[in-house]
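K.L.:
need a 3D model of the following:
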Amino acid sequence: MSKDKSNNDTASNESGISKSKQKRLAQEKARKAEREKRVMGYIWPILIVACVVALIVGIGLLKAANIPYYSKPLTEQGTIKGVNAGDVTVDYASLSFKKSELTAPESVIDQDLKDLQKNYESLSEDPDKMTVSGDKVNVTYTSTIDGVSSDSATAEDGGRNLTIGFATLGEEFDEALVGRKKGDNYTVSVNYADDYYDEDRAGKTAEFNVTVEGIYELPEITDEFVAANNREGLNSVEEYKQYLRDHYYDESIKRAVASSLSENSAINAYPEGYVENVRATLDEQYKAQYDSQAAQFQMYGLEAGTEYEMFGYDTEEAFNAFLDEQAKEKAAYALELDYIFKESGLTNTKEEVKAYWAEQGYVDAGFDSLVDNFGYPYVAQSALQARVLDYLIKNVNVTE
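P.N.:
Prediction:
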């Protein structure tokens, strides 16, 4: 991040962590990543087995000039052109899963409740409440280095929110925050390591004059809290928990069905040019994601790096190999759903396509915009794939 920070940046970001603190934060990040990894086991896979809906939802990031990439290999019904008898076979009738494998652990449900709770945190009205490590607080301060005024967070700018333990402004700053009440004013010296990221502070000592403006607290999770703060019209904690259980179960079975198709399928031949077409759409998607993220990096004065670096690859060759592999997997998945659609006797009329997209929030002009940007066949294919998955989910064998 750039060295020159506005008061607004200071008030809204918890950045500026010395290298001496990076190990602790890395551990916290690893724990968070592990939790997210567990949760991801219960939601719809985005890249390999997801429907093409993910691409279309990002319509604002893609270019209408690329319509041929999307609809060229498809029929008006949304099926894939050039598929011959024997090219694809899928034994979808034998799909079977254990219910226990599709059920989210209660720890995931409880974490979702905590996440809802955090969305409604507020400054405590209790004048006797004292800070402890882990609390989120709002502070104002001024600081000097070698007698020269440094950065500050003022009440006019909303102060600065900090979590005690993150050492956002230094370990000594956090240590001095523990055991404080709203309104406490004090001074603290913070010694910055020689390798601190900000050269203006590296190896120096900053004097802070700090005022605790407030201590955040979380609302109690009660039936009344849930009833007032969810969009699903639920009226109790248990209703909300059951809603989450059902949601994760639905997403788990979708994931299980989609990921199991490849195990029960044989792709003997791909239609000419189809994998290349899928590769082109993936390439366009990743380029759009890169452009969007790079723009956000630039807002904070950071270097975005290359496209392949942003997506975690050391070389462009490795990134291209990943795209090649993913394109083949997505093409195979589309062919599997295409096969089931034809074998099961499902339909995908224009009325059904429009109804599907209406459920996604695309009606009238919104639907017409999708067609204009991607072509009707591509829009129809997304509805077709969703229809096939719904069919499989209703007919799959789930055992106790």
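
K.L.:
quick one: end-to-end distance for stretch 298-306.
P.N.:
13 Å (Cα to Cα, to the nearest Å).

K.L.:
then stretch 167-184?
P.N.:
Start-to-end, stretch 167-184 (Cα to Cα) is 19 Å.

K.L.:
buried sites along that stretch?
P.N.:
Residues of stretch 167-184 classed as buried by neighbour count (16 or more other Cβ atoms under 10 Å): 167-174, 176-177, 180, 182, 184. C-beta coordinates here come from the backbone N, C-alpha and C atoms, glycine included.

K.L.:
which elements pack onto the longest helix seen in the chain?
P.N.:
Ranked by residue count and defined by DSSP state H, the top helix of the chain is helix 316-344. The elements that helix 316-344 packs onto, with contact taken as 3 or more Cβ pairs under 8 Å, 6 or more residues apart in numbering; DSSP states H and E, are strand 88-90, helix 237-261, strand 265-267, helix 274-299, helix 307-310, helix 376-395.

K.L.:
can you list the strands that the first one pairs with?
P.N.:
Taking DSSP bridges as the criterion, strand 88-90 sits next to strand 265-267 (antiparallel) in its sheet.

K.L.:
show me what counts as buried in the strand it pairs with.
P.N.:
Those buried within strand 265-267 under the rule 16+ other Cβ under 10 Å are S265, I267.

K.L.:
who touches that strand?
P.N.:
For strand 265-267, the external contacting residues (Cβ atoms under 8 Å, 6 or more residues apart in numbering) are D87, V88, T89, V90, D91, A332, L335, E336, Y339.

K.L.:
relative to K342, how far out is the first one?
P.N.:
Going back to what we said before, that points to D87. As for D87, its distance to K342 is 12 Å (criterion: Cβ to Cβ, to the nearest Å).

K.L.:
next one: the fourth one
P.N.:
Between V90 and K342 the distance, using Cβ to Cβ, works out to 10 Å.

K.L.:
compare the two (neighbour count), which wins?
P.N.:
Legend: neighbour count by other Cβ atoms under 10 Å for V90 and K342, higher for V90 (19 against 14).

K.L.:
surely that one is in contact with I340?
P.N.:
Yes - with contact defined as Cβ atoms under 8 Å, V90 reaches I340; the gap is 5.8 Å.

K.L.:
how is this structure carved up into domains?
P.N.:
Under the assignment automatic domain parsing, the domains of the chain span 7-18+121-217, 41-110+233-399.

K.L.:
out of those, the one nearest D223 is which?
P.N.:
domain 41-110+233-399 (4.3 Å; Cβ to Cβ).

K.L.:
model confidence over the closest one, on average?
P.N.:
Averaging the model's pLDDT scores along domain 41-110+233-399 yields 87.

K.L.:
again, but for stretch 153-172
P.N.:
Rounded mean pLDDT across stretch 153-172 is 93.

K.L.:
which ones are touching I221?
P.N.:
So I221 contacts L113, L116, Q117, V237 (Cβ under 8 Å, 6+ apart).

K.L.:
now swap in N209 and tell me
P.N.:
Residues in contact with N209 (Cβ under 8 Å, 6+ apart) are Y141, T142, S143, N185, Y186, T187.

K.L.:
helix, strand or coil: sort out it for me.
P.N.:
Secondary structure for N209, judged by DSSP: H, G, I helix; E, B strand; the rest coil, is strand.

K.L.:
let me know the outermost residue of the chain.
P.N.:
G147 (44.2 Å; Cα atoms, centre = their mean).

K.L.:
and it, what pLDDT?
P.N.:
Here, the pLDDT recorded for G147 equals 89.

K.L.:
and it, how far from D198?
P.N.:
Counting by Cβ to Cβ - G147 and D198 are separated by 18 Å.

K.L.:
what's the answer for Q326, then?
P.N.:
Distance, Q326 to D198, using Cβ to Cβ: 40 Å.

K.L.:
now swap in Y120 and tell me
P.N.:
Note on Y120: its distance to D198, by Cβ to Cβ, is 34 Å.

K.L.:
more crowded one of these two?
P.N.:
Using other Cβ under 10 Å, the more surrounded residue of Y120 and D198 is D198, with 15 against 11.

K.L.:
could you pull up phi and psi at that one?
P.N.:
The phi/psi pair for D198 (degrees, to the nearest 10) reads phi -90, psi 110.

K.L.:
just the pLDDT at it, thanks.
P.N.:
Note on D198: pLDDT of 82.

K.L.:
the one 3 residues further on now?
P.N.:
The predicted local confidence for R201 comes out at a pLDDT of 87.

K.L.:
what does the pLDDT read for the residue lying closest to it once chain neighbours are set aside?
P.N.:
In this structure, R201 finds its nearest non-sequential neighbour in Y192, 4.5 Å apart by Cβ to Cβ, 6 or more residues apart in numbering. Y192 is assigned 92 on the pLDDT scale.

K.L.:
any idea how far Y192 is from M130?
P.N.:
For Y192, the distance to M130 - Cβ to Cβ - is 28 Å.

K.L.:
I figured K241 was touching L113, is that so?
P.N.:
Yes - between K241 and L113 there is a contact at 7.2 Å, judged by Cβ under 8 Å.

K.L.:
quick one on the thing from earlier: what's the following helix or strand after the longest helix of the chain?
P.N.:
Sequence order places helix 350-359 as the next helix or strand after helix 316-344, per DSSP states H and E.

K.L.:
picking up where we left off before, looking at the helices and strands packed on helix 316-344, which is buried most?
P.N.:
Most buried of the helices and strands packed on helix 316-344, by mean neighbour count (mean count of other Cβ atoms under 10 Å): helix 376-395, with a mean of 21.

K.L.:
what's the following helix or strand after that one?
P.N.:
Downstream of helix 376-395, the first helix or strand assigned by DSSP H and E is strand 397-399.
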